[in-house]
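Visitor: give me a model of this one.
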Amino acid sequence: MTAHRRPAASDAHPLPPSASDEDGLRAGRVSPHLENPDGSPVQKLHVAARLEDRFDAAVARVLRRRGWTVRVIGYAGYGSGGRVRVLARTLLASPNVRQRDLPDAGAGAQTGERLAPPVRGWRSFFTAPVAGATVEVTIAGTTHVLTADRGGYVDAVVEADLAPGWHDVELTSMDDARATARVVVVGPEPTVGIVSDIDDTVMVTRLPRPLVAAWNVFVRHENAREAVPGMSRLYRELQASRPDSPVVYLSTGAWNAAPAIGRFLRQHDYPAGPLLLTDWGPTNTGLFRSGQRHKVAQLRRLFAEMPQVRWILVGDDGQHDPQIYAGAVARHRDRVEAVLIRQLTAGEHVLSHGMPTATPEQEEQQDRADDAPGVEVLLGADGEELLRQARAAGLTA
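Guide: Here you go, the predicted structure:
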């Protein structure tokens, strides 16, 4: 992999005394290496991020005085070429709360991890993140010490010589709480993988209309979420001739929703694969995070970290997937095997962006991708229609 790991504790800038509590836990504000989109350094955090950090620091100090301990939650990661991307989160919880009962527990349910109790989505958003907490990651007999970012998230690449397939990574918090994360390692042989959007591609969420989004994320029980017909069968057939090929679920959804998403994918028989989500709320450089930038950045990482993989990119025409995938085809044509777009119904389009059809820009981007030589572009109303076309195009076994 070519991506860089986040700075370790020794690499971070010194913190003022008020940002640390008595046991060395850096609660709230940390000073990671920041860059603007053009690569120039950011001199200081956005005001909204600074306010959020102060609030988190105050909450953490109160909870620590009450005896709450630092826990760690693992998310599924991936690896190739002797390196593994580890994804995790640190948070505070009462000593009386079992690991499996933590709000973010069970995020790797689709990878075979033990299922946590189902909960309504809103409960996963009420957590106390721990910025700057250290996490020991033991993989292949070697322990690495990593540091959480200002949102409590760990996203780092470590050296690990592992055979292709799924492996367990042991995580230990600074308070000796333990958890396991799963990582899938892709072999060096050329193969074809799947990158899939989630919202309105594998599950019907009708995002991002605000009221519908809030209802789906915060209120509706996960078992009530609706699957897009035929999509899991499509993915299974695309993967059938390459059982070890990677499947990655890429979304602008929040990491807090990972447990519900993981359980949904498992319940509806989708192939196991890492989730690449994002952190809602103020960012280092702005009030809101760019969903498009998140998807583009993650696609670039996948292309760089697994050069032996050509990808089938699957999304829908409700938001920006056609533009993002067309950009991937234009800049990395040799890395894209095909583009599959689920066409939303008129009602879903209205809920998504206020119009009953795809926007002219989305249709233009679909045409651009379709014109690229050697790249199949398939359009269909659901997984069943896309599967018929994928069979005809020779994408399945």
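
Visitor: for burial, what's the neighbour tally of the residue nearest to Ala109 when sequence neighbours are not counted?
Guide: Counting by CB to CB, 6 or more residues apart in numbering, Gly262 is the residue found nearest to Ala109 once chain neighbours are left out, at 3.6 Å. Where C-beta positions appear, they are placed from N, C-alpha and C, glycine not excepted. Counted with other CB atoms under 10 Å, residues neighbouring Gly262 total 26.

Visitor: what is the helix or strand harbouring Gly262 packed up against?
Guide: Gly262 is located in helix 258-267, with elements delineated by DSSP states H and E. Packing partners of helix 258-267 (3 or more CB pairs under 8 Å, 6 or more residues apart in numbering; DSSP states H and E): strand 247-254, strand 275-278.

Visitor: could you pull out the strands for the stretch 151-300 of the chain?
Guide: Here the stretch 151-300 of the chain has its strands, by DSSP state E, counting those that start in this stretch, at 153-159, 165-173, 178-185, 191-196, 203-204, 226-227, 247-254, 275-278.

Visitor: can you redo those as JSON lines with mean pLDDT and distance to Ile139?
Guide: Converted to JSON lines, the strands of the stretch 151-300 of the chain look like this (pLDDT from 0 to 100; distance: least, CB to CB, whole Å):
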{"stretch": "strand 153-159", "mean pLDDT": "95", "distance to Ile139": "7"}
{"stretch": "strand 165-173", "mean pLDDT": "96", "distance to Ile139": "5"}
{"stretch": "strand 178-185", "mean pLDDT": "95", "distance to Ile139": "8"}
{"stretch": "strand 191-196", "mean pLDDT": "97", "distance to Ile139": "22"}
{"stretch": "strand 203-204", "mean pLDDT": "88", "distance to Ile139": "31"}
{"stretch": "strand 226-227", "mean pLDDT": "90", "distance to Ile139": "33"}
{"stretch": "strand 247-254", "mean pLDDT": "91", "distance to Ile139": "20"}
{"stretch": "strand 275-278", "mean pLDDT": "93", "distance to Ile139": "19"}
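
Visitor: and of those, who's closest to Gln292?
Guide: strand 247-254 (8.1 Å; CB to CB).

Visitor: now render the strands of the stretch 151-300 of the chain as CSV, adding distance to Gly141 and mean neighbour count.
Guide: Shown next, in CSV, are these (distance: least, CB to CB, whole Å; neighbours: other CB atoms under 10 Å):
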stretch, distance to Gly141, mean neighbour count
strand 153-159, 12, 21
strand 165-173, 10, 18
strand 178-185, 15, 21
strand 191-196, 27, 22
strand 203-204, 38, 20
strand 226-227, 40, 16
strand 247-254, 27, 24
strand 275-278, 27, 24
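
Visitor: make a markdown table from those and add distance to Gly318 to it.
Guide: A markdown table is the format used below for those (distance: least, CB to CB, whole Å):
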| stretch | distance to Gly318 |
| --- | --- |
| strand 153-159 | 27 |
| strand 165-173 | 32 |
| strand 178-185 | 28 |
| strand 191-196 | 14 |
| strand 203-204 | 11 |
| strand 226-227 | 15 |
| strand 247-254 | 12 |
| strand 275-278 | 18 |
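
Visitor: so which of these gets nearest Thr138?
Guide: If you check each of the strands of the stretch 151-300 of the chain against Thr138 by CB to CB, strand 165-173 wins as the nearest, at 4.2 Å.

Visitor: give me the angle between the helix holding Gly262 and strand 191-196.
Guide: Helix 258-267 runs at 120 degrees relative to strand 191-196, counting by axes from the mean of the first three to the mean of the last three CA atoms, to 10 degrees.

Visitor: can you pull the contacts of Leu340?
Guide: With contact set as CB atoms under 8 Å, 6 or more residues apart in numbering, Leu340 has these partners: 234, 312-315, 377-378, 380, 386, 390.

Visitor: rerun that using 6 Å as the cut-off
Guide: 314, 378, 386 (CB atoms under 6 Å, 6 or more residues apart in numbering).

Visitor: is it true that the first one touches Ile198?
Guide: No: with contact taken as CB atoms under 6 Å, Val314 and Ile198 are classed as non-touching, separated by 10.1 Å.

Visitor: which one of the two is surrounded by more residues?
Guide: Using other CB under 10 Å as the criterion, Val314 and Ile198 rank with Val314 on top: 28 against 24.

Visitor: return the helix holding Gly262 as CSV; C-alpha atoms alone will do.
Guide: The C-alpha coordinates for helix 258-267 follow below in CSV (Å, rounded to 0.1, in the frame of the first residue of the first chain):
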residue,chain,number,x,y,z
ALA,A,258,-21.6,0.7,10.5
PRO,A,259,-23.1,-1.8,12.9
ALA,A,260,-26.6,-1.5,11.3
ILE,A,261,-25.2,-1.6,7.8
GLY,A,262,-23.1,-4.6,8.6
ARG,A,263,-26.0,-6.5,10.0
PHE,A,264,-28.1,-5.5,7.0
LEU,A,265,-25.5,-6.8,4.5
ARG,A,266,-25.2,-10.1,6.4
GLN,A,267,-29.0,-10.5,6.7
